[in-house]
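# Here is a sequence with its predicted model. Questions after.
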Amino acid sequence: MPRKYLTQMGIENVMKDLNAENYDDSDSDCEEELENSILEDNNEVDLDTSANFLENVESLFSWKDVEGSEAKNVLPFLGKVGLKFDNSNYKNEYDFFKLLFTDEILSVLVEETNRYASDILNIHGETSDKRKHAPAWKPTDNNEILKFLGLVLLMGHIEKDILQDYWTVNDLIETPVFRKVMPHDRFLIILKFCTFPIIV
């Protein structure tokens, strides 16, 4: 859509309205003449630039229908649509989850989380957490990490404002499954130390 510009008369009317509101002295006439001359110069430059730009763009690009050899042939998909393995043994979501998080990956995650917790606690001591009721670290295992990951994935489906809301007992926003699976403090301490190794 082309730009719309004020006519010289429109600019002068706007300027007069502005000047009438803001200035009552004799200097305003001189300022008005100066502003009008500046606006005239700028208006002419903008119109020239705009017209030249549109002409240049239109000369470079033009729409046309694609015909003959210019049309690209879309190759048909010849592969099998769907999973590339026999999925008859996979009955529920957990079976598919185990495809991604194998026992080997879980063991590495548990080992790295326990190692990182040990390293941090050796550096800062057992009292590194400022909360009085924070539980002491005890090593985690594959089963607990599975529960932790399950809760993290569930958080993607059940949105709350803050992390603590998942364990709230407020009847209006309560989601009891989180408390049943893992205590809030245990979740937080695993979250604090959970780490995935960097594999190079």
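That came through fine.
# Contact partners for the residue minimising distance to the centre of the chain?
Nearest to the geometric centre of the chain sits Gly156, at 14.3 Å (Cα atoms, centre = their mean). Counting by Cβ atoms under 8 Å, 6 or more residues apart in numbering, Gly156 touches no other residue. The way it works is simple: take the backbone N, C-alpha and C, and place the C-beta from them, glycine included.
# ok, now how distant is it from Thr140?
21 Å (Cβ to Cβ, to the nearest Å).
# Would you state the helices of this structure in chain order?
8-22, 27-60, 93-100, 103-124, 142-155, 177-181, 184-193 (DSSP state H).
# Could you dump those helices into TSV with mean pLDDT and mean neighbour count added?
Listed next are those as TSV, based on pLDDT from 0 to 100; neighbours: other Cβ atoms under 10 Å:
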stretch	mean pLDDT	mean neighbour count
helix 8-22	68	12
helix 27-60	60	11
helix 93-100	88	11
helix 103-124	92	14
helix 142-155	95	15
helix 177-181	96	14
helix 184-193	95	17
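# May I see those arranged in JSON lines, with distance to Pro135 as well?
Shown next, in JSON lines, are those (distance: least, Cβ to Cβ, whole Å):
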{"stretch": "helix 8-22", "distance to Pro135": "69"}
{"stretch": "helix 27-60", "distance to Pro135": "67"}
{"stretch": "helix 93-100", "distance to Pro135": "27"}
{"stretch": "helix 103-124", "distance to Pro135": "12"}
{"stretch": "helix 142-155", "distance to Pro135": "13"}
{"stretch": "helix 177-181", "distance to Pro135": "15"}
{"stretch": "helix 184-193", "distance to Pro135": "5"}
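# so which of the ones you listed gets nearest Leu78?
Judged by Cβ to Cβ, the one of the helices of the chain that comes nearest to Leu78 is helix 93-100, at 25.8 Å.
# got a list of contacts for that closest one?
In contact with helix 93-100 (Cβ under 8 Å, 6+ apart) are residues Asn89, Tyr90.
# mind redoing it with 10 Å?
With contact meaning Cβ atoms under 10 Å, 6 or more residues apart in numbering, helix 93-100 is reached by Leu83, Phe85, Asn87, Asn89, Tyr90, Ile105, Leu106, Leu146, Leu149, Gly150, Leu153.
# Render the CA-only coordinates of that helix in CSV, please.
Below are the C-alpha coordinates for helix 93-100, written out as CSV (Å, rounded to 0.1, in the frame of the first residue of the first chain):
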residue,chain,number,x,y,z
GLU,A,93,3.0,-44.8,27.2
TYR,A,94,5.6,-46.2,29.6
ASP,A,95,6.7,-48.7,26.9
PHE,A,96,7.4,-45.9,24.5
PHE,A,97,9.1,-43.8,27.3
LYS,A,98,11.5,-46.7,27.9
LEU,A,99,12.5,-46.5,24.2
LEU,A,100,14.0,-43.1,25.0
